[in-house]
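let's see this in three dimensions:
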Amino acid sequence: MTSILITGTTGQVGSNIFEYTKKHTDWEVTGLSRRPGEAVDIVADLSDREAVKKIARSGNFDYIIHTAAITKTDICEKQKEACYSANVVATKNLAEFFPSSRMVFFSTYAVYNTLEGNCDETCPVSPTNHYIFTKIEAEGIVRAMENFLILRPSVILGYTRFERETKNYFMQLLDNINAKRTMHSPVDQYFNPIFVDCVTYLVYQGLKKNINGIYNIGCNEDISKFSFNRMVMERFNFDESLLEGISSGDLQVARPNNGTISSKKIQADLGFELPSLGEMINKLYISTL
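Numbering: from 1, shown residues only. Below you'll find the predicted structure:
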């Protein structure tokens, strides 16, 4: 039987992949996180080398889907050592003790930093903050493995019905709406957000079709964060007066202004066309009902 370890299963992406594979496959699925949760079978700190060694003693995994990370840029800037440990050391430990496993590693679209945007997988990478630096270094560890799939997703959208220590893009927006806080959203930062169910399906198909290498994942439309937030607020009938456009220069931590990516490669290799951004937002809306 195919065995699969999914790290970070108290998070949005990890828990979604865990639930999907449990439902749609006969694989032996194991969820791992630093904290207990509904989708957690093993509680462990992956930055602890001895803890990972102990897991490896109990057996190998055919696939490791590594979603666990500290992803908040502000936190990473303030807690650089903790960020490095969670994002780089943990990846190094997995690679060391599971060298024959096929690693699916979640990186980020923010590794690119070009004025032109629309980056494909051959574009140069450059860290604009500490979080991105750790992802680029972790990518290097994964690329040294025999069998790997590195995913560089744009911002991933999803609704979670349980409380989390850190919240994803949409859940932060929802919190602000419920608290009637004005949101300051950059009008000059562009990206390609993607619904979490689409990400999960691409991962599943990527494993089935055994694709290898580096792949971008994002919707096919470029949009500013301000315009995207407005689209979400319109679909959910939220109070749009709570949304205010700002310049990216007003943000505390630097991020690439043009974070747009091309996801043509993964769609071509999997023979699958991603739905439109409007359809994704509608799926997001339905998931909250």
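
what's near enough to touch E96?
Listed by Cβ atoms under 8 Å, 6 or more residues apart in numbering, the contact set of E96 reads R49, V52. Backbone N, C-alpha and C define where each C-beta goes, glycine included.

hmm, try it at 10 Å
Taking Cβ atoms under 10 Å, 6 or more residues apart in numbering, we find E96 in contact with R49, V52, K53, A56, I141.

and for V232?
Contacts of V232 by Cβ under 10 Å, 6+ apart are L157, Y169, F170, L173, L174, I177, P193, F238, L243, I281, L284, Y285.

in contact with the second one, which residues?
I take that to be Y169. Q12, S154, V155, I156, L157, G158, F191, P193, K225, F228, N229, V232.

and it, how far is that from E146?
Remark: distance between Y169 and E146 (Cβ to Cβ, to the nearest Å) = 34 Å.

so where do the helices sit in the chain?
Along the chain, counting by DSSP state H, helices occupy 12-24, 49-57, 73-78, 80-84, 90-97, 130-143, 169-178, 196-208, 225-235, 264-270, 277-287.

return the member of those helices having the minimum mean pLDDT.
Least confident of these, judged by mean pLDDT, is helix 169-178 with a mean of 90.

pull out the buried positions in it.
Across helix 169-178, burial judged by 16 or more other Cβ atoms under 10 Å covers Y169, F170, M171, L173, L174, N176, I177.

these two touch, right, the second one and L157?
Looking back up the chat, that one is F170. Yes. Counting by Cβ atoms under 10 Å, F170 does reach L157; the two are 4.9 Å apart.

between those two, what contacts are shared?
When Cβ under 10 Å, 6+ apart defines a contact, the residues bordering F170 and L157 alike are Q12, P193, F195, V196, V232, I281, L284, S287.

what count of nearby residues applies to K23?
Neighbour count for K23, taken as other Cβ atoms under 10 Å: 8.

okay if I get the helices of the chain as JSON lines plus distance to F162?
Conversion of those to JSON lines gives the following (distance: least, Cβ to Cβ, whole Å):
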{"stretch": "helix 12-24", "distance to F162": "8"}
{"stretch": "helix 49-57", "distance to F162": "24"}
{"stretch": "helix 73-78", "distance to F162": "20"}
{"stretch": "helix 80-84", "distance to F162": "23"}
{"stretch": "helix 90-97", "distance to F162": "23"}
{"stretch": "helix 130-143", "distance to F162": "24"}
{"stretch": "helix 169-178", "distance to F162": "10"}
{"stretch": "helix 196-208", "distance to F162": "14"}
{"stretch": "helix 225-235", "distance to F162": "21"}
{"stretch": "helix 264-270", "distance to F162": "29"}
{"stretch": "helix 277-287", "distance to F162": "14"}
